[in-house]
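**Q** task: produce atomic coordinates for the following.
(one chain, ligands or ions: 2)
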Amino acid sequence: MTSPRSNPATVLRGPMVYLVDDPFLTDPASAFVHEPDGVVICRDGLIEAAGPYDALRDGIPADAAIHHYPDGLICPGFIDTHVHYVQTGIIGAFGRQLLDWLNEYTFVAEQAFADPAYAATVAGIFCDELLRNGTTSALVFAAVYPQSVDALFEEAGRRNMRLIAGKVMMDRNAPAALLDTAQSAYDDSLALLERWHGRDRLLYAITPRFAATSTPAQLEAAGALWRAHPDAFVHTHISENMGEIDWVRRLFPERAGYLDIYDHYGLVGRRTMLAHGVHLTEAEFGCCHERAAAIAHCPTSNLFLGSGLFRIDAAKDPARPVHVGLGSDIGAGTSFSLLATAGEAYKVAQLNGFALDAVRALFLATLGGARALGLDDRIGTIRAGHEADLVVLDPRATPLLAFRTERARSIEEILFVLMTLGDDRAVRATYVAGRIAHARDGA
Ligand code: GUN
Ligand code: ZN
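**A** Ligands and ions are numbered 1, 2, ... in the order given. Sure, this is the predicted structure:
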């Protein structure tokens, strides 16, 4: 007999894949788990038990709702480590390179988020799109306006998502309507942090846009805020594009390099997420490793803006590995799908002479992202005690996927084909904290 509890359990059964360790640093065969007939028992938002169905069948509570996906693939929910919700409306803007694209499209679009009603509408669309793509957690740039952050946290909180976000700080080199000051950015960020950090599953990120749009005084303020609240996150951009790097060097001639600017102001450490890092030097990778700072690899964005080819193999060099997650970087990125993003990461790596296999790519989209964010004690894998954020993939989602999957010789090949051909159509269901949050085919 099961003991009486507040909420009935939700049970998922089906083939299951997940990572328990970093396959860039350990034997992929021991880091990767494939359970051909697995079961996950979820209760009160957490995974109560997970493993082979045969081993756990007798422990399945009598009151449980059982969702059986014999043709699916149960994975940890995907983690998008860099995305701009306020750029959802400019995906695919013909922007040429980064700085033109920022001026012509981005800085125009973000001004609309001064309006809380507009922000709420886009925030809802954004959260739904994450879930439709199997993304259960994200680290998100809002706009400069505090109300744009409130709108996103309201929508993410309503869906009970583990989501991290922050108000953009920028006090120079952007239209006047988008500028704050060092002091107002500090005050507004602090107020938001106190309102949202740790409420429900929401967390706050101190978010200076990039070195070019913050004065030294503002970076100083950002560092002071982090020192006062060291359990918050820091989220910014770095070394994405050659023109940007030249400009930043001219703005901070006294600093040794791009990363040294952030480091000087105390912004590089655990829970720092640096988006892109396409052109980081070996010394800068070494500094990221020492500080345990992370990089968000955003391949669709880097290809779209012609920014360059991120060296995943160099970043993950076992001699001084750097934490790396995958980022969609919407709206410079072109897909919300981390399956599609992983597929593009493979192609970018190929152009650097490195073949990124499906197991390593799945790691980047799940446990790797969780480790990069310092949240791997809660999300990123399928383990008792972890939060029950799960996605059910469909390797036969389209006629072509079905045709191709029939010919796959291994689970790794099925996963690789999903990354090559898959997108939101391949997401059959998404579970957030043990509750169904998206069902592709309806209830
Ligand atoms: N660097 C500074 N701001 C941005 C942005 O909004 N998108 C990208 N891709 N890079 C940036
Ligand atoms: Zn970005």
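
**Q** can you get me the start-to-end distance on stretch 204-218?
**A** Terminal residues of stretch 204-218 lie 18 Å apart, using C-alpha to C-alpha, to the nearest Å.

**Q** that stretch near ligand 1 anywhere?
**A** Yes. Applying C-beta under 6 Å from any ligand atom, one finds that stretch 204-218 is in contact with ligand 1 at Arg209, Phe210. For every residue, glycine as well, the C-beta is placed using N, CA and C.

**Q** what's in contact with the longest strand along the chain?
**A** In terms of residue count, the longest strand belonging to the chain (DSSP state E) is strand 32-43. Contact with strand 32-43 is made by 5, 7-20, 23, 47-54, 56-57, 59-61, 64, 74, 359, 362, 382, 388, 390, 411, 431, 434, as judged by C-beta atoms under 8 Å, 6 or more residues apart in numbering.

**Q** show me what counts as buried in it.
**A** For strand 32-43, a neighbour-count test (16 or more other C-beta atoms under 10 Å) marks Phe32, Val33, His34, Glu35, Gly38, Val39, Val40, Ile41, Cys42, Arg43 as buried.

**Q** and the last one, how far from Ala62?
**A** Yep, that's Arg43 we're talking about. Using C-beta to C-beta, to the nearest Å, we find Arg43 at a distance of 13 Å from Ala62.

**Q** what does the second one give?
**A** Summarising the geometry, the distance separating Val33 from Ala62, computed by C-beta to C-beta, is 28 Å.

**Q** circling back: pipe the buried residues of strand 32-43 into TSV and attach pLDDT and distance to Asn352 per row.
**A** Shown next, in TSV, are those (pLDDT from 0 to 100; distance: C-beta to C-beta, whole Å):
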residue	pLDDT	distance to Asn352
Phe32	98	23
Val33	98	29
His34	98	28
Glu35	98	33
Gly38	98	35
Val39	98	40
Val40	98	36
Ile41	98	42
Cys42	97	40
Arg43	95	44
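
**Q** which one of those residues sits closest to Glu244?
**A** Phe32 (36.6 Å; C-beta to C-beta).

**Q** where does the prediction get shaky in the chain?
**A** 1-6, 443 (pLDDT under 70).

**Q** what parts of it come near ligand 2?
**A** Ala275, Asp329 (C-beta under 5 Å from the ion).

**Q** host element of Asp329?
**A** Asp329 is part of no helix or strand, with elements assigned from DSSP states H and E.

**Q** tally of neighbours for it?
**A** Per other C-beta atoms under 10 Å, the neighbour tally for Asp329 reads 31.

**Q** who are the contact partners of it?
**A** Per C-beta under 8 Å, 6+ apart, neighbours of Asp329: His82, Val83, His84, Ala275, His276, Ala296, Cys298, Thr300, Ser301.

**Q** go with 7 Å
**A** His82, Val83, Ala275, Cys298, Ser301 (C-beta atoms under 7 Å, 6 or more residues apart in numbering).

**Q** hmm, the second one is touching Leu326, no?
**A** No. Counting by C-beta atoms under 7 Å, Val83 stays clear of Leu326, with 10.3 Å between them.

**Q** now the residue nearest the centre of the chain: how far from Met419?
**A** Relative to the mean C-alpha position of the chain, the nearest C-alpha, by C-alpha atoms, centre = their mean, is the one of Asp80, at 1.6 Å. From Asp80 across to Met419, the span is 15 Å (C-beta to C-beta).

**Q** so where does Asp300 fall, helix or strand?
**A** Actually, residue 300 is Thr rather than Asp. Counting by DSSP H and E, Thr300 is found in helix 299-304.

**Q** what's the helix or strand just after that helix packed up against?
**A** Downstream of helix 299-304, the next assigned helix or strand under DSSP H and E is helix 312-315. Applying 3 or more C-beta pairs under 7 Å, 6 or more residues apart in numbering; DSSP states H and E, one finds that helix 312-315 contacts helix 338-351.

**Q** Gly51: what secondary structure?
**A** strand (DSSP: H, G, I helix; E, B strand; the rest coil).

**Q** which residues sit in contact with it?
**A** Gly51 neighbours (C-beta under 7 Å, 6+ apart): Gly38, Val39.

**Q** what about the closest residue to ligand 1 within the stretch 251-400 of the chain, how many neighbours?
**A** Nearest to ligand 1, among the residues of the stretch 251-400 of the chain, is Ala332, at 3.8 Å (C-beta to the nearest ligand atom). For Ala332, the neighbour count with other C-beta under 10 Å is 30.

**Q** that one is in contact with Leu305, isn't it?
**A** Yes. Ala332 is within contact range of Leu305, at 5.3 Å (criterion: C-beta under 7 Å).

**Q** for Leu367, see how far away the nearest residue to Asp317 once chain neighbours are set aside is.
**A** Take Asp317 and drop its neighbours on the chain: the residue closest to it by C-beta to C-beta, 6 or more residues apart in numbering is Phe285, 7.3 Å away. Computed with C-beta to C-beta, the distance linking Phe285 and Leu367 is 21 Å.

**Q** so for these two, which residue has more residues nearby?
**A** Leu367 (25 against 22).

**Q** coming back round to it: and the helix holding Thr300, how far out from the chain's middle?
**A** When distances are taken as C-alpha atoms, centre = their mean, to the nearest Å, helix 299-304 is centred 15 Å away from the chain's centroid.

**Q** hmm, who's touching it?
**A** 276, 278, 308, 310, 328-329, 332-335, 341, 344-345, 348.

**Q** what does stretch 165-175 give?
**A** 107, 140-144, 146, 149, 152-153, 178-182, 185, 188-189, 192, 204-209, 212-215, 218, 222, 235.

**Q** for it, buried residues please.
**A** Ala165, Gly166, Lys167, Val168, Met169, Met170, Asp171, Asn173, Ala174.

**Q** picking up where we left off before, overlap in contacts of Arg43 and Ala62?
**A** Common neighbours of Arg43 and Ala62 (C-beta under 7 Å, 6+ apart) do not exist.

**Q** next SSE downstream of the helix or strand encompassing the residue nearest to Asp317?
**A** Assessed by DSSP H and E, Phe285 sits inside helix 282-291. The element immediately downstream of helix 282-291 (helix or strand, assigned by DSSP H and E) is strand 294-297.

**Q** in its sheet, what does that following strand sit against?
**A** strand 272-276 (parallel), strand 323-326 (parallel) (DSSP bridges).

**Q** those helices in the stretch 151-300 of the chain, which residues are they?
**A** 182-196, 216-228, 242-251, 258-264, 282-291, 299-304 (DSSP state H, counting those that start in this stretch).

**Q** what residues of the second one count as buried?
**A** With burial defined by 16+ other C-beta under 10 Å, the residues of helix 216-228 counted as buried are Pro216, Ala217, Gln218, Leu219, Glu220, Ala221, Ala222, Gly223, Ala224, Leu225, Trp226.

**Q** the fifth one against Tyr265, yeah?
**A** Yes. Judged on C-beta under 7 Å, Glu220 makes contact with Tyr265 at a distance of 5.7 Å.
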